[in-house]
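Trainee: Any chance you could fold what I've pasted below:
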Amino acid sequence: MRYPPDQKKKAKEAILQAGARTLRTTGFNGVGIDGLAAAAGVTSGAFYSNFANKETLLKDVIEAFLGNPFIDADNGSLAERRERLRGYLRMYISSQHCSDPANGCVMPTLSADVSRSSAAVRKTYQRKMSDLIRKMSLVMGGTPSEREGKAWTVLSLMIGAVSVARALPAGDSAEKVLKAALDAAISIVDQA
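Mentor: The predicted structure follows:
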């Protein structure tokens with residue numbers, strides 16, 4: 001049976017998308033190759049024809065999804081870019097984001113897994129985080145060093161708040177964590 005010429009590309013994209021959702025939900029050690037393949041609607045053989053192993057998929061998930069979409073650092077005035085960042089923070093540090101890890105950001109769910117991964121995965125993570133910090137720092141006030149510090153602080157608030165809120169039972173405690181982090185993050189962005 002002949003496959004269409006773009007079949008392999010479509011299969012790889014399906015595995016990447018489904019793999020990202022699954023890894024965000026179960027973590028790296030919560031699913032095997034068969035589960036990742038099944039989530040994508042492909043065979044384990046199709047998985048291995050696109051990815052050498054599960055860690056290669058993790059690296060590609062980090063490459064494709066970390067920091068995307070986040071902030072358009074080059075489009076609009078500083079005030080417009082800051083407002084987009086505030087809007088993104090409101091979406092990110094929210095109970096809706098916490099309740100949907102499958103479609104949420106990879107940073108709160110996969111950072112711990114990355115810390116236990118190979119040097120190649122960690123290098124990809126470092127490069128993507130550095131790019132994200134560079135973009136965020138462009139809308140912060142202060143010297144270049146101060147802007148970078150503020151960006152790291154805001155990013156840490158984002159990841160930490162979502163991680164802690166997800167670990168708490170739904171309700172007032174989780175909402176307090178999210179509100180405190182969001183207020184602090186927006187306050188940092190608003191500092192000229």
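Trainee: Mean confidence (pLDDT) on the lengthiest helix in the chain, please.
Mentor: Using DSSP state H, we find that the single longest helix of the chain is helix 144-167. Averaging pLDDT along helix 144-167 gives 97.
Trainee: Touching the next helix or strand after it from outside, list them.
Mentor: Remark: after helix 144-167, the chain's next helix or strand is helix 172-190, criterion DSSP states H and E. Residues outside helix 172-190 that contact it (C-beta atoms under 8 Å, 6 or more residues apart in numbering) are 82, 85-86, 89-90, 93-95, 98, 139-140, 150, 153-154, 157-158, 160-162, 164-166, 168. No exception for glycine: its C-beta is placed from N, CA and C like everyone else's.
Trainee: quick one on the thing from earlier: what comes up buried for the longest helix of the chain?
Mentor: Buried residues in helix 144-167, counting neighbours by 16 or more other C-beta atoms under 10 Å, are found at 147-151, 154-155, 157-159, 161-166.
Trainee: got it, and stretch 164-183?
Mentor: Within stretch 164-183, the residues scored as buried using 16+ other C-beta under 10 Å are 164-166, 174, 177-178, 181-182.
Trainee: Need the distance between the two termini of that stretch.
Mentor: By C-alpha to C-alpha, to the nearest Å, the extent of stretch 164-183 from end to end equals 16 Å.
Trainee: Check stretch 33-48 too.
Mentor: By C-alpha to C-alpha, the extent of stretch 33-48 from end to end equals 9 Å.
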